[in-house]
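S.K.: here are the coordinates; sequence isn't available:
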Ligand code: SAM
Ligand code: SF4
């Protein structure tokens, strides 16, 4: 139900899904997410407190947001992540998070108390040495243990896999193989350009290539195209008779802007109406002045561009420096 026009943009899209980054910190250093030299962390005083997160989220829910995802950095490294999850769970929306999985063993009870049913967990390779290479940390075994723990505790687990040419496209079929007996959804994500992540088009594995790899082993009639949920960013498939499923998120080659319902709030309280948008609106500064954030929300959402923050031509991807004006992914929250 649309409660308020504030979340509708000039193209008629209603934004009822809020993604909140609660930290810029992380216990991994994924090469595609974080520049090698690290990032300049925002001073703590400029980051949203738990109270401010709750207040801003409450405003969005009053406007019609029905789903909230916590992200980061790594959301679970934040000391008061438990408090934030439990408070947000009282807002009555669907609540979920995207995590690198390393700390989930400490949060199983909290997740259950907060009514979390499903989590997205990132894992880009099934090989221990390659995991250390891409994350710059040797934590593969812990992550595997925690994925099994989440499944055994009854959570729906979606695995986020960023595909990078020459690194992990030869594991696409291994990931699909996991869905044979396990109720997992594998989400293959096209590698996206952000500040400092050395993106170039030649490293991209497109949706078409992903399907091509899968068809080498599974003929077309074995691959079932599933119905996508409204506003789904993923195109969903499964191998017939397999328990789990897989999906492709093709933000670069085949964006899903038409049905985009996402709003992003960065850890320093800035609203981004698109992952690719350079422009941001600080809700936190206004909130701290004791003023209403409503007009800012309305203006920011209304001005959302129709396609990828105005980068609507595939040619923009020929020049990766265009994307250096955007933040690095770790400070946006994927
Ligand atoms: N730390 C958590 C994690 O890794 O799941 C949450 C934050 S992370 C920024 C959110 C998602 O963004 C992860 O699934 C990650 O793989 C994805 N991501 C980061 N950089 C990306 C890039 N350049 N292209 C595509 N996806 C990216
Ligand atoms: Fe950390 Fe997630 Fe970025 Fe990896 S993708 S560096 S785990 S925030």
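M.R.: Happy to help now that I have it. Model, not experiment: these values are computed from the prediction. Numbering: from 1, shown residues only. Ligands and ions are numbered 1, 2, ... in the order given.
S.K.: could you count how many residues lie near the residue nearest to residue 179 when sequence neighbours are not counted?
M.R.: Nearest non-adjacent residue to residue 179, counting by CB to CB, 6 or more residues apart in numbering: residue 244, 3.1 Å away. Glycine gets a C-beta too; all of them are placed from N, C-alpha and C. The local packing of residue 244 (other CB atoms under 10 Å) involves 19 other residues.
S.K.: thought residue 244 was touching residue 178?
M.R.: Yes. The criterion here is CB atoms under 8 Å, and residue 244 meets it with residue 178 at 7.0 Å.
S.K.: around ligand 1, pick out the residues from the stretch 151-300 of the chain.
M.R.: Neighbours of ligand 1 within the stretch 151-300 of the chain, by CB under 6 Å from any ligand atom: 160, 162, 189, 191, 192, 194, 197.
S.K.: as CSV, these with distance to ligand 2, secondary structure and pLDDT would be great.
M.R.: As requested, those are exported to CSV (distance: CB to the nearest ligand atom, whole Å; DSSP: H, G, I helix; E, B strand; the rest coil; pLDDT from 0 to 100):
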residue, distance to ligand 2, secondary structure, pLDDT
160, 8, strand, 97
162, 8, strand, 95
189, 10, strand, 93
191, 12, coil, 89
192, 11, coil, 85
194, 10, coil, 75
197, 10, coil, 72
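S.K.: nearest to residue 45, of those residues?
M.R.: Closest approach between those and residue 45, by CB to CB: residue 194, at 25.4 Å.
S.K.: contacting residues around the closest residue to residue 207 other than its chain neighbours?
M.R.: Nearest residue to residue 207, sequence neighbours excluded (CB to CB, 6+ apart): residue 250, at 4.0 Å. Residues in contact with residue 250 (CB atoms under 8 Å, 6 or more residues apart in numbering) are 190, 206, 207, 235, 256.
S.K.: per-residue pLDDT, the second one?
M.R.: Looking back up the chat, that one is residue 206. Predicted confidence (pLDDT) for residue 206: 87.
S.K.: next, find the distance separating the residue nearest to residue 207 from residue 34.
M.R.: 23 Å (CB to CB, to the nearest Å).
S.K.: same deal with residue 244?
M.R.: 29 Å.
S.K.: could you give the number of residues near residue 172?
M.R.: So residue 172, with other CB under 10 Å, has 23 neighbours.
S.K.: cool, and the one 10 residues further on?
M.R.: By the other CB under 10 Å criterion, the neighbourhood of residue 182 contains 17 residues.
S.K.: what about it, which SS state?
M.R.: coil (DSSP: H, G, I helix; E, B strand; the rest coil).
S.K.: do I have it right that it meets residue 243?
M.R.: Yes. With contacts counted by CB under 8 Å, residue 182 reaches residue 243, the gap being 6.2 Å.
S.K.: before we move on, back to that, so how far is residue 159 from the residue nearest to residue 179?
M.R.: With CB to CB as the criterion, residue 244 and residue 159 are 9 Å apart.
S.K.: ok, residue 5 next?
M.R.: 37 Å.
S.K.: neighbour count winner among these two?
M.R.: residue 159 (24 against 12).
S.K.: for beta bridges, what are the partners of that one?
M.R.: Per DSSP bridges, the residues bridged to residue 159 are residue 121, residue 186.
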